[in-house]
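Trainee: Please find the sequence and the predicted model below.
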Amino acid sequence: MRRKMTESAPSADFQLMQRICAQDKQALAELYDRYGALVHGLSVRVLNDDGRLAQEVTQDTFLKIWHQADQWDPNRGKLTTWMLTIARRTAIDLLRKEQRRPEISPAEFDDVLSVVGQGSLVDDPRWHDGRLIRQLLQQLPDEQRQAIELAFYYDMSHTEVAERLDLPLGTVKTRIRLGLQKLKALWSEAVTTGDE
Amino acid sequence: MSEVLKSNDSEDKDCEQLHALLPDYVIGASDPDEVRLVEELLQRCPDGAANLADYEAMTEALLHSAPPVQPPASLRASLLAALDDVPQSSPARVIPPVMPAPETHLRPTPAIHPMPVTAAPTAPTSKISTFPAARWLAAVAAIAVVMLVASNMFWLNRDAEARARVADLMAREQAVLAMLEQQQAVLASLGDVTTQRYTLASTDAGPATAQAVAFWRPGNAYGLLSVAGLPEPEAGRTYQFWLIRGEQAIPAGLLDVGADGRGTLIFDASEPVDSFDAIGVSEEPAGGSEAPTTTPVLVGSISA
């Protein structure tokens, strides 16, 4: 089995993944301790569920990581991005299997979670970009934000988003395109300002 | 000249088209024809790659934008147990999961067994060597027995102390885990559509800037209170949250408010929060009070 990982990856993540490739269960436990809350947060977000389903997705995600550790290529992206992509896909699959409709979260909950997040839960520079984009999302018109969330978090096609929001397909396409263009402009501006 | 202009014009059109297609492309919403077109246009538009990189960084941040939620403590054990059921694709080299030890400095308790007695010296030359061999052996054995008894008593006592400490630590660990699970349940419930939101308004006793919201799911005994705009309490003072039913105010937790005027409390009412009439926050002596001793600075009613 070919191992794609090289020394260019952040060393802690890289070493953990190397140990997981060697089927070191303790390494998976360490990975879970480090990123379990991140993965579970996305599961909860996509499923809008804090119970059995989200836990099932979180556990399945780590089992997939255990089986597919050698699929992570550090030259193609951060470990967390790879893990969250697996988590999102797993959650969406479960959502479809359960034939559940995704809920659109009201913006105010995110605001409160941001307040709560000033504590230890998310007090980590790793989540800085995520928190920034969450704030920027709130600057979009609600209709654009909702369409983007449905398309991105729930991997819904334009047609599915149109059905979910009861809107013409063309309107949904326009909202997603304009929303993402605006979000990207806000993001670029915020990142540039932050770098100065 | 005209060829150059035509070329630039074509390039501009490519870039415009790419600009319109990239948003869908980065979130995976493009159809196969559009994907092929984007990949062609990326070759022809000079700024295309940089534009795509910006979009990719943004979508990566989107992926990280869900607030982390600590899973229940039981899930970790469940995950590790599930690994035991997984067939290994390669032999050996499996390190069993090591659960965190509550007490790491414990020494192993020595086993109680007789020390081996070796043969007596065969060519004694010192004054002691004139001591008959049998009596020498008896004396050594007696000393060994005394030392063993003393040693075992010592370790038994240490063992009992250690067990008591472990039991105490485990009880505390269970309490902390239960609290964490409850906190996570509250945090996770905030995204639930049934969660109710209640606003607390500032009273004459509090600053006009003070505001607060409380959240809980109908029927739940716990919830979350978030305040802003309160002055940091003076030394020896604190803010206390109250659940009010009729004339009775029940203490529901102390609220840490920092220099930024913000504070968050996850509270447990022991009975459904929506069975109370109102909620409030007052300033109290450090450690809290059995009943409010000052006029509340924030109050809100709970409508049925």
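Mentor: Alright, I've got the coordinates. Please read all numbers here as calculations on a predicted model, not as lab measurements.

Trainee: Report the secondary structure state of the spatially closest residue to B:Met58 that is not a sequence neighbour.
Mentor: In space, and not counting its chain neighbours, B:Met58 is closest to A:Trp187: 4.6 Å by C-beta to C-beta, 6 or more residues apart in numbering or on different chains. Any C-beta I mention is one placed from the backbone N, CA and C, and that applies to glycine too. Secondary structure for A:Trp187, judged by DSSP: H, G, I helix; E, B strand; the rest coil, is helix.

Trainee: For A:Trp187, grab the count of nearby residues.
Mentor: For A:Trp187, the tally of surrounding residues (other C-beta atoms under 10 Å in any protein chain shown) stands at 23.

Trainee: Need the pLDDT of it.
Mentor: Looking at A:Trp187, its pLDDT is 86.

Trainee: any idea how far it is from A:Arg134?
Mentor: 12 Å (C-beta to C-beta, to the nearest Å).

Trainee: B:Pro251 now?
Mentor: Taken as C-beta to C-beta, the span from B:Pro251 to A:Arg134 is 34 Å.

Trainee: Between those two, tell me which one has more neighbours.
Mentor: A:Arg134 (22 against 16).

Trainee: So that one is in contact with B:His64, correct?
Mentor: No. In this structure, A:Arg134 is not within contact of B:His64 by C-beta atoms under 8 Å, at 9.1 Å.

Trainee: Check what pLDDT A:Lys182 gets.
Mentor: 93.

Trainee: same question, B:Arg36
Mentor: pLDDT, read off for B:Arg36, is 91.

Trainee: Tell me which residues are up against the helix or strand hosting it.
Mentor: Using DSSP states H and E, B:Arg36 sits within helix B:32-44. Helix B:32-44 has contacts (C-beta atoms under 8 Å, 6 or more residues apart in numbering or on different chains) with B:11, B:14-15, B:17-18, B:21-22, B:24-25, B:30, B:48-49, B:52.

Trainee: Now do the strands in the stretch 201-304 of chain B.
Mentor: B:211-216, B:222-228, B:237-245, B:248-255, B:263-268, B:278-285, B:298-301 (DSSP state E, counting those that start in this stretch).

Trainee: Parallel or antiparallel, list what pairs with the fourth one.
Mentor: On the basis of DSSP bridges, the sheet neighbours of strand B:248-255 come out as strand B:237-245 (antiparallel).

Trainee: Quick one: mean pLDDT for the partner strand?
Mentor: For strand B:237-245, the mean confidence score works out to 91.

Trainee: just to revisit the earlier point, can you verify my assumption that the residue nearest to B:Met58 contacts B:Glu56?
Mentor: No. Using C-beta under 8 Å, A:Trp187 makes no contact with B:Glu56, being 11.1 Å away.

Trainee: residues shared between the contacts of the two?
Mentor: In contact with both A:Trp187 and B:Glu56: no residue, using C-beta under 8 Å, 6+ apart.

Trainee: Contact partners for B:Ala212?
Mentor: B:199-200, B:225-228, B:281, B:298, B:300.

Trainee: run the last query once more with 6 Å
Mentor: B:Ala212 makes contact with B:200, B:227, B:298 under the criterion C-beta atoms under 6 Å, 6 or more residues apart in numbering or on different chains.

Trainee: from those, which is closest to chain A?
Mentor: Relative to chain A, the closest of the contacts of B:Ala212 is B:Val227; by C-beta to the nearest C-beta it sits at 9.3 Å.

Trainee: Can you tell me the closest non-neighbouring residue to the closest one?
Mentor: Using C-beta to C-beta, 6+ apart, the closest residue to B:Val227 is B:Ala212 (4.1 Å).

Trainee: and the gap between that neighbour and B:Leu169?
Mentor: 36 Å.

Trainee: Inside helices: which ones of the contacts of helix B:32-44?
Mentor: Here DSSP state H is the test, and the contacts of helix B:32-44 give B:11, B:14-15, B:17-18, B:21-22, B:24-25, B:48-49, B:52 as lying in helices.

Trainee: Tell me the buried residues within those.
Mentor: Neighbour counting with 16 or more other C-beta atoms under 10 Å in any protein chain shown marks B:14-15, B:18, B:21-22, B:24-25, B:48, B:52 as buried within the ones in helices among the contacts of helix B:32-44.

Trainee: got these as CSV, with distance to chain A and pLDDT columns?
Mentor: Shown next, in CSV, are these (distance: C-beta to the nearest C-beta, whole Å; pLDDT from 0 to 100):
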residue, distance to chain A, pLDDT
B:Asp14, 17, 83
B:Cys15, 14, 87
B:Leu18, 12, 90
B:Leu21, 9, 89
B:Leu22, 8, 89
B:Asp24, 7, 86
B:Tyr25, 10, 86
B:Gly48, 14, 86
B:Leu52, 11, 88
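
Trainee: Out of those, which is nearest to A:Asp155?
Mentor: Nearest to A:Asp155 among these: B:Asp24, at 12.6 Å, using C-beta to C-beta.

Trainee: Quick one: residues contacting the closest one.
Mentor: B:Ser30.

Trainee: again, only using 7 Å
Mentor: B:Asp24 makes contacts with A:176-177, B:30, B:34, as judged by C-beta atoms under 7 Å, 6 or more residues apart in numbering or on different chains.

Trainee: Go ahead and confirm B:Leu22 touches B:Tyr55.
Mentor: Yes. B:Leu22 is within contact range of B:Tyr55, at 5.5 Å (criterion: C-beta atoms under 7 Å).
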